[in-house]
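# after the sequence you'll find the predicted model.
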Amino acid sequence: MERKIPKNFFIGAAMSGPQTEGAWKTGGRLESIWDTWSQERISDFYNKVGSYVGNNFYEKYEEDIRLMKSLGLDSFRTSMQWSRLMDQNEKMNPEGAEFYHKVIRCAEEEKIELFMNLYHFDMPTYLFKKGGWENREVVEAYVNYARTAFREFGKEIRYWFTFNEPIVEPDQRYRNGFWYPFLKDAKRGMQVQYHISLAHALAVREFRKAKEEGLMREDAKIGLINCFAPPYTKENPTPEDLEALRMEDGINNRWWLDLVAEGHLPEDVLKTLSECGLMPETRPGDEEVLKEGIVDWLGFNYYHPSRIQAPAEKTDENGYPKFSDPYVWPEAKMNVWRGWEIYPKGIYDFGMKMKNEYPNLKFFVSENGMGVEHEDRFRNEAGEIQDDYRIEFVSEHLDWIFKSIEDGAQCLGYHYWGLIDNWSWNNAFKNRYGMVEVDLMGNYQRKLKKSAGWIKQLIAEREKN
Ligand code: BG6
């Protein structure tokens, strides 16, 4: 194999608590917003498979971590579920804590570095009913949860993350109406985005405090993970297309990058939001809080670029300003099952953006993967899924990552998303991402796909270099 993996570049897997654990009513776990949606409208979920399923990680964590080890992976990101660690009185649930202690111990025994995220779109329902991220009391409840986690597991976990993809809930739940409670309200979406930003900064403050008090590992680091889809517009853009690009990049990318690299939100974006009535409600002292949002490193989830153009209409159906419309690039190569464009060079472009605009912030590719429907079609006679498309997808992305490193990007590693088939929100198990198959009809049995052997070999060859 010609591909040369840079020295000290880590390769691991990413998944999340709510998409894997299952056991939704076990050990005093609270109901989460996904359970509520599943119970109220199960038909919204592919094949009526709701949040309660996961991939049975709760029972199989030892097998899964050993499996990662057997493939040669060195690290694994998952998330704690707020609904498992805490009770309704905002105190720690000892049974929930014990589960995470067991997972951490197992990862340590297998020498898999565990990356722990605190929030992956999974708010406990009782807090959602209090107004969710629109309510500052909920921000405080999150900070209390983060504080509890840092203090309970501070000596055991090195790498912490406050949020996975904080842009997704404002978009999916509040602006685009795709996720429960299906709102299309740009104003409320901005408020949610703003409060999540404060929650992030306050959690970083708690992390630093716990560290100063000697409650964390000395080498502990805190980060944020987002899907920074690099934005592109047409080849010969009009000034309106470029303006659309500024706001798209501003709200989805620069908002979080400025926060975690410099401790503030982008001035030009706030100015535009004020001018058009979308400025979130702020309070005195918030600016000081945001200054504490600076992290030690960053996770970059990458699946597809964002292609946009000037909006055809200036306002949406509610009279709020529209900043952009999607642009369909005629040359786009698509993952037709997921409906996402495959554009590996985007990963390089992001690396160059980081090098040029945020040179002090190191990052890693924290998710990248390919979800495909009906993978049964690709089974060979021996019953193994021949997922050559996935091997090609990962190879191409890795090549662009390595090129970005050669050209000066400070990218430290790569996590494949969904190493073991897992539950994908309302798509449930429609598109499978795994290099390891999960048999839903066969007691969640794990079975390697061709790509698992491929990545094992790739890593083994690195060891030889
Ligand atoms: C990322 C999320 O956006 O993409 C994951 O962090 C998600 O939770 C993954 O599963 C793939 O997207 P989807 O919608 O196909 O599951």
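That came through, no problem. Predicted model only: the values in this text are computed from it and were never measured. Numbering: from 1, shown residues only.
# can you name the residues of the stretch 1-150 of the chain that neighbour the ligand?
Residues of the stretch 1-150 of the chain lying close to the ligand by CB under 6 Å from any ligand atom are 16, 19. For glycine as for every other residue, the C-beta is placed from the backbone atoms N, C-alpha and C.
# helices of the stretch 1-150 of the chain, start to end?
Assigned by DSSP state H, counting those that start in this stretch, the stretch 1-150 of the chain shows helices spanning 17-20, 33-40, 57-71, 82-85, 94-109, 125-128, 136-153.
# possible to save those as JSON lines with distance to F378, mean neighbour count and mean pLDDT?
Shown next, in JSON lines, are the helices of the stretch 1-150 of the chain (distance: least, CB to CB, whole Å; neighbours: other CB atoms under 10 Å; pLDDT from 0 to 100):
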{"stretch": "helix 17-20", "distance to F378": "23", "mean neighbour count": "26", "mean pLDDT": "98"}
{"stretch": "helix 33-40", "distance to F378": "29", "mean neighbour count": "20", "mean pLDDT": "98"}
{"stretch": "helix 57-71", "distance to F378": "20", "mean neighbour count": "19", "mean pLDDT": "98"}
{"stretch": "helix 82-85", "distance to F378": "35", "mean neighbour count": "26", "mean pLDDT": "98"}
{"stretch": "helix 94-109", "distance to F378": "31", "mean neighbour count": "17", "mean pLDDT": "98"}
{"stretch": "helix 125-128", "distance to F378": "38", "mean neighbour count": "19", "mean pLDDT": "98"}
{"stretch": "helix 136-153", "distance to F378": "40", "mean neighbour count": "19", "mean pLDDT": "98"}
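# ok, which of those comes nearest Y444?
With CB to CB, the closest approach to Y444 among the helices of the stretch 1-150 of the chain belongs to helix 57-71: 6.6 Å.
# could you figure out how far that closest one is turned away from helix 94-109?
Counting by axes from the mean of the first three to the mean of the last three CA atoms, to 10 degrees, helix 57-71 lies at 10 degrees to helix 94-109.
# show me what counts as buried in stretch 451-461.
Buried residues in stretch 451-461, counted by 16 or more other CB atoms under 10 Å: 451-452, 454-456, 458-459.
# and what of stretch 84-93?
Judged by neighbour count (16+ other CB under 10 Å), stretch 84-93 contains these buried residues: 84-87, 92-93.
# from what I can see F429 touches D421, true?
Yes - F429 is within contact range of D421, at 6.7 Å (criterion: CB atoms under 8 Å).
# for the residue in the stretch 251-400 of the chain that the ligand sits nearest to, which residues are in contact?
Residue of the stretch 251-400 of the chain nearest the ligand, by CB to the nearest ligand atom: G371 (4.6 Å). G371 is in contact with 335, 337-338, 418, 424, 427, 430-433, counting by CB atoms under 8 Å, 6 or more residues apart in numbering.
# closest to the centroid, which residue in this structure?
In the chain, the residue lying closest to the centroid (CA atoms, centre = their mean) is N164, at 3.7 Å.
# these two touch, right, N55 and I420?
Yes - using CB under 8 Å, N55 is in contact with I420, at 6.0 Å.
# intersection of neighbour lists for those two?
When CB under 8 Å, 6+ apart defines a contact, the residues bordering N55 and I420 alike are 20, 438.
# returning to that earlier point: check the gap between the closest residue in space to the residue of the stretch 251-400 of the chain closest to the ligand that isn't next to it in sequence and W417 for me.
Excluding the flanking residues, the one nearest G371 by CB to CB, 6 or more residues apart in numbering is N431, at 3.0 Å. Distance check for N431 against W417: by CB to CB, to the nearest Å, it reads 11 Å.
# cool, M92 as well?
Counting by CB to CB, the separation of M92 from W417 is 29 Å.
# who are the contact partners of N135?
H195.
# redo that, cut-off 10 Å
For N135, the contact set (CB atoms under 10 Å, 6 or more residues apart in numbering) comprises 127-129, 141, 191-192, 195.
# for S51, same thing?
18-19, 22, 24, 31-39, 42, 45, 122, 423, 425-426, 428 are the contacts of S51 under CB under 10 Å, 6+ apart.
# which helix or which strand is home to the nearest residue to W133 once chain neighbours are set aside?
Spatial nearest neighbour of W133, chain neighbours left out: V192 (4.2 Å); criterion: CB to CB, 6+ apart. Using DSSP states H and E, V192 maps to helix 186-212.
# quick revisit: out of the contacts of N135, who's nearest H397?
Distances from H397 to the contacts of N135, taken as CB to CB, are shortest for V192 (30.6 Å).
# which residues touch that closest one?
By CB under 10 Å, 6+ apart, V192 lies in contact with 131-135, 166, 169-171, 173-175, 183, 185, 280.
# what's the answer for E248, then?
By CB under 10 Å, 6+ apart, E248 lies in contact with 229, 231-233, 254, 306-309, 323-324.
# need the contacts of N135 in a markdown table with distance to E381, can you?
As requested, those are exported to a markdown table (distance: CB to CB, whole Å):
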| residue | distance to E381 |
| --- | --- |
| L127 | 51 |
| F128 | 49 |
| K129 | 53 |
| A141 | 54 |
| Q191 | 56 |
| V192 | 51 |
| H195 | 54 |
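# just give me the closest of the residues you listed to the ligand.
For the contacts of N135, the closest approach to the ligand (CB to the nearest ligand atom) belongs to V192, at 17.0 Å.
# which non-adjacent residue is nearest Y433?
Nearest non-adjacent residue to Y433, counting by CB to CB, 6+ apart: G418, 2.9 Å away.
# I figured that neighbour hits T78, correct?
No - contact criterion CB atoms under 10 Å: G418 and T78 do not qualify, at 11.6 Å.
# pretty sure G293 sits against R205.
Yes - using CB under 10 Å, G293 is in contact with R205, at 8.6 Å.
# neighbour count: the two, which is higher?
Between G293 and R205, counted using other CB atoms under 10 Å, the more crowded position is G293 (26 against 17).
# list the contacts of the more buried one.
Residues near G293 by CB under 10 Å, 6+ apart: 162, 197-205, 224, 256, 258-265.
# the bottom helix or strand of this structure by mean pLDDT?
The least trusted helix or strand in the chain, going by mean pLDDT, DSSP states H and E, turns out to be helix 450-464, with a mean of 92.
# how far is it from where the chain is centred?
Relative to the centre of its chain, helix 450-464 is centred 25 Å away, using CA atoms, centre = their mean, to the nearest Å.
# distance of the spatially closest residue to L202 that is not a sequence neighbour relative to P166?
The shortest distance from L202 to any non-neighbouring residue, by CB to CB, 6+ apart, is to V143 (4.6 Å). Separation of V143 from P166 (CB to CB): 15 Å.
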